[in-house]
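1. Build me a structure from this.
(2 chains)
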Amino acid sequence: MTLAIVDDDEGVRQALARLLHSLGHNVHVFGSAEEFEAGTVAVDCLILDVRMPGLSGPELRERLRSRSTPTPVVLVTGDTDPKARDIQPPVDTPLVTKPFDEVTLMAAIHHATSSANALRERHAH
Amino acid sequence: MHTDDRYRRAAAAGGVGIWEWNLSTGEIYVDPVLIGMLGYQDHEIGNHPDVWGLLVHPGDQAAVFEWAQAHVAGETPPYELEHRMLHRDGSIRWFLARASVTRNAQGNAVHLAGTDTDITARKRSEQALRQAEEINNRIVESTGDCVKILDLEGRLIYINSEGLRQLELEDASALLNRPLVAHWEGETRQAAEEAVELARRGGAGRFQALLRTVSGVAKWFDIVVTPVTDVNGTVVQLLAVSREITERRREEARRAMHHQVLGMIATGSALADVLDCLVRLVEQQSNGMRCSVLLLDEDGTHVRHGAAASLPDSYVRAIDGLAIGPRSGSCGTAMFLGTRIIVTDILSDPLWEDYRDVARQYGLRACWSTPIFSPQRRVLGSFAMYYGEPRSPSDEELRLIESAADIARIAIEHQRAHEALQHSEARNRAILRAIPDWMFLQTVEGVFLDYHARDASRLLVPPSAFLGRNVREVLPHPIGERLGQAFVRVGASDEPEMIEYTLGSDDSERFYEACIVRCDGDKILSIVRDITDHKRAELEAAAQRRELAHLGRVAVLGELTGALAHELSQPLAAVLSNAQAARHFVDRHPLDVAELRAALDDIIKDNKRAGAVIDRLRALLRKDGIALQPVDMNDVVREVVDLAHSEVVSRRITVTSALTPEIPLVLGVRAQLQQVVLNLVMNACDAMGGTQAAKRHLALATKKEAGFVQLVVSDRGVGIPKEQLEQVFEPFVTFRDQGLGLGLAISRSIVRAHRGSITAENNIDGGATFRCLLPVADAGAVQRAV
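-> Numbering: from 1, shown residues only, chains lettered A, B, ... in the order given. Predicted coordinates:
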């Protein structure tokens, strides 16, 4: 898969890229939502940090959903209780809390891409 | 010769000349005696037909001729005529002519014969008398005194025009035949009667009396009565000369009044007596006048009776305790408005509306009142004059009322000062009894002379063991010496000194504070206070403050929990990802050592990052003592910005820091200063909750200022409500939804403990700015602390 990571924390960004890369994926990294939008990369799944300066993860996700072909998204967050932070986790978008295991992450990525595929097939009918 | 010779000789001897006019012939015979009386010889005149032209004064010739003819014609009886004749030397002589006519049987006049008597001497003296009288009259009429002539019964028979003027009379008719003494009654009348009696007996009497003019003006007169005698020395009339002495009397009366009242004040008479005397003295100066003094109560709104010698008691009682106001009679209004109030007719004046019936009941019609002021223009009371008829005051009465008010002021002030002094003495005695302080009187050398102690048994050393001994012997070494030296300094400079010292040891240790002042010129007074409890409370308070500060930090961290978790989760997430990636690398062949190393390096780096977060937390949560160390405020700001990073990001706030490089160090407790910055940052974040996301901007800055480091924390939030600007640092004052409102209060107490200050202000373009000034540590302190 071709994956993109959008996280303002460089350490997290690099470590995640390294992990996904070691699992055989093609990985693009971006320091902010704006940076991602500026690039024109087609990806199978987007790993989005929730809390970022500028455009936040959920905001970017909303923008992508409004497009004709929405990109599957996995949200990651360092917050313990995301509800308290006014971030309503979208039902159809997996949210992974840092620090996370690779299994958890990969499960979330698969969930995101498969539900996106299912949605696409329904549209095709 | 028709005339008898003997008669003629006799006549000549008496200065009488004879003449004869023959009416049938027209001849006139003038006897030589008469001719001689006019300085001529007989032959020079003879029977000269123009004898009249020579002898009778030209001015009288016609009169003499007409007189003679009228007599001849029988129109006038034989009578006399005084006329002038000319002496040969040119002088004029006066003669008295007498004539009689002789008629024939038919009744026709044939002869006119007469005598001329030289009356020149009499005439001259008469003239002189007339002139003298004229002069006297003019003197009497032009004098400034009132001149009266009385008959022996003392009834007026003459008064000069000045007298009428003074009494404002058109003419004397109302006075004529009226006894002078009838103007007065009582003592004055008695004095007048005595004076008249004295004059009647040939002496001179004198008295002073008050007279009222037609228009009612009272005037004082000094009256001298003297006898008028005839040639025989018999008293025939009395002369009374009155001089108006009103002004002098008033001046004397005023002076006497001042003298008497001030004398009473000086000798410590009671205020009521002084004012009563004053009122009586003023009343004496005008008939029918009644006076009162009212005092303004200490509450400034009610009147109290002062003095009213001649007003009815029930009226005085009715007035006592009334409230002053803008329509409270003359006195209440005068005190309320602080200005003189003249009511000329109580029955029609609106100021008296509420008190009209009371006044009417006691026959009071006019009331003029002036406020009595203290020198500081505080109203002390009022002085009033009452009259039984409608009336407005004369200038003199206005002067009198002001003068009386002034004396009343002195009396009241004196009384108040006296009372204040008595109170303050009593108070001083009470204070001395009440104060727990010990007082010691010493010589400059340190020898105890006297002491005051409410409870002497609590003194560390009994009086018998220190009186007469030196402080250096009485108190243990360093303290006795320190106090002894302070006595010498205070004795020389007269500058009071405060010295703190402790006595006793361990559990029984007590703290004292001595205020040392010079007194009685060369003595030293030490006022010693046991401040042990105070000291202990102070130490406890400091401990409590530290505890509170710690709790504050814990509370702030509580608010930050989420952000801190986030801050820790980042490096942990990175570590885990890197570790799992590393495991994949290890499983892979060939082994990419470089990749593996990079992963491991990052694991170490992120692990340290997590450790740093924990260190910062620990530093904040540590229960510090009060150990001071040099602190770089730039570092403090950086650490706090790091700590709050996640919080700030999650709240969409942009943070900028403008830190002045090489900022001087301040001496302080690092954790506490961090707490101040963190509190200010969190406060700013909270304030911007409602701000548009794009505008959420937090600016931090450090600046150098003469002797201080300034920390500026500025936000774009709601600002501070104007009415809370003053109290924003008070505990439990908060304008945020969350939080106890302790953050800023703790910040201020920390800053103050660092001898600094903190202020808040609203920005012109929105939001608030907090400025915190911390004194720069001096080089020595930095050295010692390091």
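
2. So for stretch B:353-364, what gets flagged as buried?
-> B:355-356, B:358-359, B:364 (16 or more other C-beta atoms under 10 Å in any protein chain shown). C-beta: built from backbone N, CA, C; applies to glycine.

3. Can you give me the first-to-last residue distance of it?
-> End-to-end distance for stretch B:353-364, by C-alpha to C-alpha, to the nearest Å: 14 Å.

4. near chain B, which residues of chain A?
-> Proximity of chain A to chain B, by C-beta under 8 Å from any C-beta of the partner chain, involves residues A:8-9, A:11-12, A:14-16, A:18-19, A:21-23, A:51-53, A:76-81, A:84-85, A:97-102.

5. buried subset of the residues you listed?
-> Of the residues of chain A next to chain B, these count as buried by 16+ other C-beta under 10 Å: A:8-9, A:11-12, A:14-16, A:18-19, A:22-23, A:51-53, A:76-80, A:85, A:97-100, A:102.

6. Could you check the pLDDT of the most centrally placed residue in chain B?
-> For chain B, B:Pro375 is the residue whose C-alpha lies nearest the centre (C-alpha atoms, centre = their mean; 2.5 Å). Looking at B:Pro375, its pLDDT is 84.

7. Low-confidence ranges, the stretch 401-550 of chain B, go.
-> Residue ranges of the stretch 401-550 of chain B with pLDDT under 70: B:506, B:541-550.

8. same thing but at 90, please
-> B:403, B:407, B:410-411, B:413-439, B:450-465, B:474-479, B:493-496, B:498-513, B:519-522, B:527-550 (pLDDT under 90).

9. Would you map the helices across it?
-> B:463-466, B:471-474, B:477-493, B:532-587 (DSSP state H, counting those that start in this stretch).

10. now these in CSV, with mean neighbour count and distance to chain A?
-> CSV is the format used below for the helices of the stretch 401-550 of chain B (neighbours: other C-beta atoms under 10 Å in any protein chain shown; distance: least, C-beta to the nearest C-beta, whole Å):
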stretch, mean neighbour count, distance to chain A
helix B:463-466, 14, 71
helix B:471-474, 18, 69
helix B:477-493, 16, 61
helix B:532-587, 18, 3
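
11. who wins for proximity to B:Val343 among those?
-> Ranking those by proximity to B:Val343 (C-beta to C-beta) places helix B:532-587 first, at 62.2 Å.

12. Tell me the helix or strand right after the closest one.
-> With elements assigned by DSSP states H and E, the helix or strand that comes after helix B:532-587 is helix B:593-621.

13. Going by proximity to chain A, name the top residue of the stretch 51-200 of chain B.
-> Per C-beta to the nearest C-beta, B:Glu168 is where the stretch 51-200 of chain B lies closest to chain A, at 103.8 Å.

14. Assess the claim that that residue and B:Arg212 are in contact.
-> No: the criterion here is C-beta atoms under 8 Å, and B:Glu168 misses it with B:Arg212 at 9.9 Å.

15. Neighbours of residue 50, how many?
-> If you meant another chain, say so; for now it's chain A. 25 (other C-beta atoms under 10 Å in any protein chain shown).

16. meant chain B, my bad for not saying
-> Neighbours around B:Asp50, by other C-beta under 10 Å: 9.

17. Then the one 5 residues further on?
-> Neighbours of B:Leu55 under the rule other C-beta under 10 Å: 27.

18. Would you map the helices across chain A?
-> With DSSP state H as the criterion, chain A has helices at A:10-22, A:33-38, A:57-65, A:102-124.

19. Out of those helices, the one nearest B:Ser310 is which?
-> helix A:57-65 (98.3 Å).

20. what's next to that closest one, contact-wise?
-> A:6, A:33, A:36-37, A:46, A:48-51, A:55, A:70-71, A:73, A:75-77, A:87-88, A:90, A:93 (C-beta atoms under 8 Å, 6 or more residues apart in numbering or on different chains).

21. tell me which parts of chain B are close to chain A?
-> B:561-562, B:565-578, B:580-581, B:584-585, B:588, B:595, B:598-599, B:602, B:605-606, B:609, B:646, B:649-650, B:652, B:654.

22. Try it again at 6 Å.
-> Within chain B, the residues that sit near chain A (C-beta under 6 Å from any C-beta of the partner chain) are B:562, B:565-566, B:569-570, B:572-574, B:576-578, B:580-581, B:584, B:599, B:602, B:606, B:649-650.

23. highest average neighbour count across the helices of chain A?
-> Scoring these by mean neighbour count under mean count of other C-beta atoms under 10 Å in any protein chain shown gives helix A:10-22 as the most buried, with a mean of 23.

24. quick one: low-confidence ranges for chain A?
-> In chain A (pLDDT under 90), the answer is A:8-9, A:37-42, A:50-71, A:77-102, A:111-125.

25. again, only this time at 70
-> In chain A (pLDDT under 70), the answer is A:80-91, A:119-120, A:122-125.

26. Any chance of the helices of the stretch 401-550 of chain B in a markdown table with distance to B:Asp145 as columns?
-> Formatted as a markdown table, the helices of the stretch 401-550 of chain B follow (distance: least, C-beta to C-beta, whole Å):
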| stretch | distance to B:Asp145 |
| --- | --- |
| helix B:463-466 | 83 |
| helix B:471-474 | 85 |
| helix B:477-493 | 75 |
| helix B:532-587 | 86 |
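
27. Quick one, which of those gets closest to A:Met106.
-> The nearest among the helices of the stretch 401-550 of chain B, by C-beta to C-beta, is helix B:532-587 at 10.6 Å.

28. Any buried residues in stretch B:156-173, and which?
-> B:156, B:158-164, B:166-167, B:169, B:172.

29. repeat for stretch B:336-356
-> B:336, B:340-344, B:346, B:349, B:351-352, B:355-356.

30. so which pair among the residues you listed is furthest apart in space?
-> Of all pairs in the buried residues of stretch B:336-356, the most separated under C-beta to C-beta is B:Arg340 and B:Arg356 at 20.7 Å.

31. isn't B:Ala599 right next to B:Ala582, touching?
-> Yes: counting by C-beta atoms under 6 Å, B:Ala599 touches B:Ala582, with 4.2 Å between them.

32. Need the three-state assignment for B:Gly203.
-> coil (DSSP: H, G, I helix; E, B strand; the rest coil).

33. and the nearest residue to it once chain neighbours are set aside, how far is that from B:Gly154?
-> Sequence neighbours aside, B:Pro227 is the residue nearest to B:Gly203 in space, at 7.6 Å (criterion: C-beta to C-beta, 6 or more residues apart in numbering or on different chains). According to C-beta to C-beta, to the nearest Å, B:Pro227 and B:Gly154 sit 12 Å apart.

34. just B:Gln415 next, same as before
-> 50 Å.

35. For B:Trp352, give me its contacts.
-> B:Trp352 is in contact with B:329, B:346, counting by C-beta atoms under 6 Å, 6 or more residues apart in numbering or on different chains.

36. same deal with B:Leu176?
-> Taking C-beta under 6 Å, 6+ apart, we find B:Leu176 in contact with B:Leu156.

37. Who are the contact partners of the nearest residue to A:Gly31 once chain neighbours are set aside?
-> In space, and not counting its chain neighbours, A:Gly31 is closest to A:Asp8: 5.9 Å by C-beta to C-beta, 6+ apart. Counting by C-beta under 6 Å, 6+ apart, A:Asp8 makes contact with A:31-32, A:52.

38. now swap in A:Phe30 and tell me
-> A:6, A:36.

39. With A:Ser22 as the reference, measure out to it.
-> Per C-beta to C-beta, A:Phe30 is found 20 Å from A:Ser22.

40. Tell me what the most centrally placed residue in chain A is bridged to.
-> Centroid-nearest residue in chain A, with C-alpha atoms, centre = their mean: A:Ile47, separated by 2.3 Å. Beta-bridge pairing for A:Ile47 (DSSP bridges): A:Ile5, A:Val74.

41. and what of B:Trp438?
-> Beta-bridge partners, per DSSP bridges, of B:Trp438: B:Val528.

42. Just give me the neighbour total for it.
-> By other C-beta under 10 Å, the residues close to B:Trp438 number 21.

43. That one and B:Arg536: what is the separation?
-> B:Trp438 sits at a distance of 20 Å from B:Arg536 (criterion: C-beta to C-beta).
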